[in-house]
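**Student:** model this:
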Amino acid sequence: MNKRAFPPAALAACLVFATTACAPGTDQDAAPERPMQAQGDPLPPPAPASATSTTDPATDPALDRAKAAAMAFSGQLRGKLQAAMQAGGPTAAVEVCHAEAPAIADAVMAEHGVRLGRVALPGRNRHPAQAAQDWQLLTLDLFQQRVSGGEAAADQVAVIREHLPDGIALRMMRGIATEPGCLACHGSEVAEPVRAAIAERYPDDHATGFAVGDLRGALWVEVPADAGTTGGTP
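**Tutor:** Alright, predicted model coming up:
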């Protein structure tokens, strides 16, 4: 790919996938739930039979809450990016991603009563705050093993209901796949205007060099235990 300017739609796709893991209308919405054992630091012992969650995933309020928050975040950010592209082109969209994505995340967390964020593969983050820690890192490692074994990055979903810390009902993580449009700002060759915009806002960027189909990171959601949820450590 040469370094000439590319269509605004390509950057919009790149930025959407850079900041979301389950944007409305993508194949990731249909990815099957992949339950997994909770992972902490250190790993907990196996759960006794009495501690195993019996919540039906089809009627799980905590999971519904996690999905709704993820969809809200991705949908709101997509709208902001589309408006920025129409008003100011690709560099305006980069600025929205940098300046407004954190505010959108804060608003969604407050509205849905969850914690959420984006994490990258080790050493491949665009922002230091996207470095995965503890259970996030272990889950990303599992995702990468599955992708290396031939599974699609977009199909990686983990829902953790057991052996969670006190106060946590459920954790969910969805993999972020590298789509063709993502190469505009995450591939091996990035157009110079976009490279300059990224460097200005993310001086420690390490999120380039990906190919289509690669796992780039994940969107995670953590639902607290309260009167409307189930789960957590018995």
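
**Student:** ok so residue 116 is a strand residue?
**Tutor:** Yes. The assignment for residue 116 is a strand, going by DSSP: H, G, I helix; E, B strand; the rest coil.

**Student:** spatially, and excluding backbone neighbours, which residue is closest to it.
**Tutor:** Of all residues not flanking residue 116 in the chain, residue 221 sits nearest, at 4.5 Å (Cβ to Cβ, 6 or more residues apart in numbering). The C-beta positions use only the backbone N, C-alpha and C, and glycine is treated the same way.

**Student:** check contacts around that neighbour.
**Tutor:** Contacts for residue 221 (Cβ atoms under 8 Å, 6 or more residues apart in numbering) come out as 66, 69-70, 114-116, 171-173.

**Student:** and the pLDDT for it?
**Tutor:** Note on residue 221: pLDDT of 96.

**Student:** and for the one 10 residues further on?
**Tutor:** pLDDT recorded at residue 231 is 44.

**Student:** how about residue 80?
**Tutor:** For residue 80, the predicted pLDDT is 83.

**Student:** figure out the helix or strand that the nearest residue to it once chain neighbours are set aside lives in.
**Tutor:** In this structure, residue 80 finds its nearest non-sequential neighbour in residue 96, 5.1 Å apart by Cβ to Cβ, 6+ apart. In the assignment (DSSP states H and E), residue 96 maps to helix 90-99.

**Student:** which elements pack onto that helix?
**Tutor:** In this structure, helix 90-99 packs against helix 8-19, helix 61-88, helix 192-201, with contacts taken as 3 or more Cβ pairs under 8 Å, 6 or more residues apart in numbering; DSSP states H and E.
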